[in-house]
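Chemist: Requesting a structural model of the entry that follows:
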Amino acid sequence: MPANFIDLTPENLADEHLCCIIRSKKPHSGVEAKRQWLAERLREGHVFRKLDEKGTVFIEYAPLETAWVPVVGDNYLYIYCLWVTGPHKGKGYGRALLESCLADARAKGKSGVCMLGAEKQKAWLSDQSFARRFGFVVADTTETGYQLLALSLDGTLPRFTPGAKRGIIDRQELTIYYDAQCPFIHQCVEKIAAFCEAGGIPLSLVRVDSLAQAKALPCPFNNFAVFYRGQFQTVNLLDEAAVRRLLKK
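Modeler: Predicted structure coming up:
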């Protein structure tokens, strides 16, 4: 691993920033929720690797068996996030981070590495065109336009669960599944809840708080997923304008 990258550990987790939202003196509810979530995940082999300075330059991945996503496969790593933004772009950090993940997979004898993608690049998902340049290919698809991208090291491929591919639930109201993996989620959910309450809009919020629950989800999921009228809509975090557009469908 390059000398200017560090991994979060149980020992340094409380003191290191989490990249997406740089913690200031004022506590941030989403950051602290993520920190608590990470405290449990690091014990399971979850990796959060970042540039050793303030900025959004990091990769986050985990053994697929313990990754909170409705994806199954033997001996893979799953990438949740790979982000490089702002003044750090164009310096080779993204390549170095992804190469460090692939090197980790090879060193541990993994079958490969996978990540969530889509037919068209979605916000809140890592840059899949970048991943394809490293050899990632489509391993599985859903009827809703999402793809599972994988780089196999032994010829095997992971797959979505049958429920994730189906993308249907009984609830007709706006329904959001979410966990604490992304520090932006906490405020996003709070704002959507307040907006729906003010407008008398029926809303169901389903907090995903276990691995078993995540593996059994009825849709693609990276940390957030939206249904309306029983149909899966998106893994994108929503603002009020996006909720209004969705409700007009």
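
Chemist: C-terminal to the lengthiest strand in the chain, what's the next element?
Modeler: Looking across the chain with DSSP state E, the single longest strand is strand 76-84. Scanning forward in sequence from strand 76-84 by DSSP states H and E, the next helix or strand is helix 93-107.

Chemist: Which neighbouring elements make contact with the helix or strand just after that following helix?
Modeler: Per DSSP H and E, helix 93-107 leads on to strand 112-118 as the next helix or strand towards the C-terminus. Strand 112-118 sits against strand 76-84, helix 93-107, helix 128-132, strand 146-152, with contacts defined as 3 or more C-beta pairs under 8 Å, 6 or more residues apart in numbering; DSSP states H and E. Just so you know, the C-beta spots here come from the backbone N, C-alpha and C atoms, and that holds for glycine as well.

Chemist: Mind jotting down where the strands sit in the chain?
Modeler: 5-7, 47-51, 57-63, 71-72, 76-84, 112-118, 137-141, 146-152, 159-160, 174-178, 203-207, 224-228, 231-234.

Chemist: residue with max distance from the center of the chain?
Modeler: Distance from the C-alpha centroid of the chain peaks at Gly200, with 30.2 Å (C-alpha atoms, centre = their mean).

Chemist: In the protein, what helix or strand scores lowest on average pLDDT?
Modeler: Sorted by mean pLDDT, DSSP states H and E, the helices and strands of the chain end with helix 128-132, the least confident at a mean of 86.

Chemist: Counting by contacts, list what that one packs against.
Modeler: Against helix 128-132 (3+ C-beta pairs under 8 Å, 6+ apart) you get helix 93-107, strand 112-118, strand 146-152.

Chemist: List the contacts of that helix.
Modeler: Leu82, Gly94, Leu98, Met115, Gly117, Ala118, Gln121, Phe136, Gln147, Leu149, Leu151 (C-beta atoms under 8 Å, 6 or more residues apart in numbering).

Chemist: For the residues you listed, work out which two are farthest apart.
Modeler: Gly94 and Gln147 (19.8 Å; C-beta to C-beta).

Chemist: Put together TSV for the strands of the chain, with mean neighbour count and distance to Gln187 on each row.
Modeler: Listed next are the strands of the chain as TSV, based on neighbours: other C-beta atoms under 10 Å; distance: least, C-beta to C-beta, whole Å:
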stretch	mean neighbour count	distance to Gln187
strand 5-7	16	27
strand 47-51	21	20
strand 57-63	24	19
strand 71-72	21	27
strand 76-84	23	18
strand 112-118	25	22
strand 137-141	17	32
strand 146-152	23	25
strand 159-160	20	29
strand 174-178	22	12
strand 203-207	14	14
strand 224-228	22	12
strand 231-234	20	18
